[in-house]
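A.B. asks: Structure for this input, please:
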Amino acid sequence: MSSVRHDAPTDSTTPPSPDDEGTAFADLGLRAELLGALSALGYEEPTPIQREAIPPLLGGRDLLGQAATGTGKTAAFALPLLQRMPDDRTGGDPVALVLVPTRELAVQVSEAFHRYGKDLGARVLPIYGGQPIGRQLRTLDAGVDVVVATPGRALDHIARGTLRLGGLATVVLDEADEMLDMGFAEDIEAILEHAPERRQTVLFSATMPSRIDGMARQHLTDPVRIQIGREQTVAGEAPRVRQSAYIVNRAHKPAALGRVLDVESPTAAIVFCRSREEVDRLTETMNGRGYRAEALHGGMSQEQRDRVMGRLRAGTADLLVATDVAARGLDIEQLTHVVNYDVPSAPESYVHRIGRVGRAGREGVAITLAEPREHRMLKTIERVTGQRITIDKIPTVADLRTRRLELTQAALRESLLEDDLDPFRVIVETLTDEFDIMEVALAAVKLAHEAAGPTTEDEQEIPQVAVRAAREGRPDSDRRGADRRGGGGRPRSGTTQVFVGLGRRAGVRPQDLVGAITGETGISGRDIGSIEIADRFSLVEVPQGIADEVIAGLRGSTIKGRKATVRRDRGGEGR
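C.D. replies: Residues are numbered from 1 along each chain as shown. Below you'll find the model as predicted:
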């Protein structure tokens, strides 16, 4: 049944009033079982997105919400959805479907539903690739209330007839902008075609590009529109997320990253890279500098990814080096720093990345390493986000030496305040018979300082780069719209063209190629350049460093249901 709707959204965007600050969950009309679960979890009062979204969702309204990661939007849609489930659920088909971009987010949202709905007996099933499908089939056959799924796997079950949507009362599109960036637009359209026309539809997105607004106009009926930003700081207070950038030449980036992290001393940090190869290379480099670094990218199995996340959450790793796609949907409580190893090619990507820190009232730091030619892109991000990115100087060897001494002093102070030092008193008393007590203390501090980390003796100064905006080239994002329409020509410097043996005759479109690449690799759609589609073949421009990854991914997938010959382009040979 068609779910196409043409009603324009009703703009009901309103900032929370001061009176809302005292709102409790009980004031929102939630049932006792949900209030009990929230109390047991330690939730005291709703966040702004929860205050604004829960009442209209309980009333059955469609909703279009713009909310950054970490604002509490999962509970904002999960609580009303659980409350609206019928008490006499005898059927096996789900009453709610939540679509999310990644398997990690599917698991997290499913776990949230279980926590909130445990006293209601809610049957929740996450469906995603990489999980044995047999288990999913058995659970679906036994009956579920809520399905949380990635679009591709949901569509697979719909085609098998194992996921029936006829009984749906609510569909939620969570992180819709991410799903569109990953090439899921057609999958989402196909899924909504199978959903009842008379249903509640909820769409959440961290950013609101025109594609999202178009989707809302097509699929939402008279929706409430809510826009919630990050918690605003009071005048005079420091921002929750401190944003800064360092201008550095590419050859010095690994050393600059190590220097910045040494000075910042994060509890846990995530470093975003553009390709799998860069992730692996940088992970090795950072381990060599003494960091406990772990790689995370699309070339890893789910079991490997789970082990990495387990080590990070257990504190046996403190640095995660990842691609955008691999890190989507991750929620790491102890994360204090996010680093953009390269400037993201789109402001939306920057918003998603820095949204992983400064959550739930905690402070965070967002750092970007920008090459001189990327300085103008920083200005674009500032203009779009309305937030200032401070350009700092790379710490010098003297800065690093000072910081390490500060850390030693802090560690000694903590030991003096907290530790039982009596077992060591006899050593000090014995030594002070022979040496001055100040000399004993100096020797102890020296040993503690050297044991805390590497010295600065072998550190080399990193050249400071003067930014000359007038000499910078256009940012990559300026050319994206034109490139995707095709046009051929020679690949730009630093890129190569991948030959795909399917073209217009096979019904191939640019979005099919982008979807296949992003779905099978750890590569973002923003890393893909121009796409030229001829009758019998296509050419895709990608950075040279990720060409092999793209080729391997496309060879292992189908495009329009067909396998294709995929290789580096040979300049027209054999065509």
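
A.B. asks: If you count neighbours, what's buried in stretch 399-414?
C.D. replies: Residues of stretch 399-414 classed as buried: 400, 403, 404, 407, 408 (neighbour count, 16 or more other Cβ atoms under 10 Å). The C-beta positions use only the backbone N, C-alpha and C, and glycine is treated the same way.

A.B. asks: among those residues, which are in helices?
C.D. replies: Counting by DSSP state H, these place 400, 403, 404, 407, 408 in helices.

A.B. asks: from the buried residues of stretch 399-414, which single one is nearest residue 113?
C.D. replies: The shortest approach to residue 113 among the buried residues of stretch 399-414 belongs to residue 407, at 42.1 Å (Cβ to Cβ).

A.B. asks: Which stretches in the stretch 101-250 of the chain count as helices?
C.D. replies: Shown for the stretch 101-250 of the chain, the helices assigned by DSSP state H, counting those that start in this stretch span residues 103-117, 133-142, 151-160, 176-181, 185-194, 210-219.

A.B. asks: same deal with the stretch 251-400 of the chain?
C.D. replies: Using DSSP H, counting those that start in this stretch, the helices of the stretch 251-400 of the chain run over 253-264, 276-288, 302-314, 324-327, 347-354, 375-385, 397-418.

A.B. asks: Deepest-packed of the ones you listed, please.
C.D. replies: Of these, the one with the most neighbours on average (mean count of other Cβ atoms under 10 Å) is helix 324-327, at a mean of 24.

A.B. asks: rewinding a little: output the ones in helices among the buried residues of stretch 399-414 in a markdown table, with pLDDT appended to each entry.
C.D. replies: Rendered in a markdown table, the data for those read as follows (pLDDT from 0 to 100):
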| residue | pLDDT |
| --- | --- |
| 400 | 78 |
| 403 | 77 |
| 404 | 77 |
| 407 | 77 |
| 408 | 81 |
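
A.B. asks: Please name the spatially closest residue to residue 393 (chain neighbours excluded).
C.D. replies: With Cβ to Cβ, 6 or more residues apart in numbering as the measure, residue 464 is the residue that lies nearest to residue 393, at 5.8 Å, once sequence neighbours are left out.

A.B. asks: In contact with residue 515, which residues?
C.D. replies: Shown in contact with residue 515 (Cβ atoms under 8 Å, 6 or more residues apart in numbering): 182, 183, 184, 186.

A.B. asks: Please apply the same query to residue 56.
C.D. replies: By Cβ under 8 Å, 6+ apart, residue 56 lies in contact with 63, 224.

A.B. asks: Can I take it that it is in a helix?
C.D. replies: Yes - counting by DSSP: H, G, I helix; E, B strand; the rest coil, residue 56 is part of a helix.

A.B. asks: Would you mind measuring from it to residue 76?
C.D. replies: Between residue 56 and residue 76 the computed distance is 11 Å (Cβ to Cβ, to the nearest Å).

A.B. asks: same thing with residue 372?
C.D. replies: Plainly put, residue 372 is 42 Å away from residue 76 if you go by Cβ to Cβ.

A.B. asks: And these two? Which one has more around it.
C.D. replies: Set side by side, residue 372 and residue 76 give different neighbour counts by other Cβ atoms under 10 Å, the larger being at residue 76 (27 against 18).

A.B. asks: thought that one was touching residue 65?
C.D. replies: Yes - at 7.3 Å, residue 76 and residue 65 qualify as touching, with contact defined as Cβ atoms under 8 Å.

A.B. asks: quick revisit: could you dump the buried residues of stretch 399-414 into a markdown table with distance to residue 532 added?
C.D. replies: Formatted as a markdown table, the entries for those read as follows, by distance: Cβ to Cβ, whole Å:
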| residue | distance to residue 532 |
| --- | --- |
| 400 | 48 |
| 403 | 51 |
| 404 | 53 |
| 407 | 54 |
| 408 | 58 |
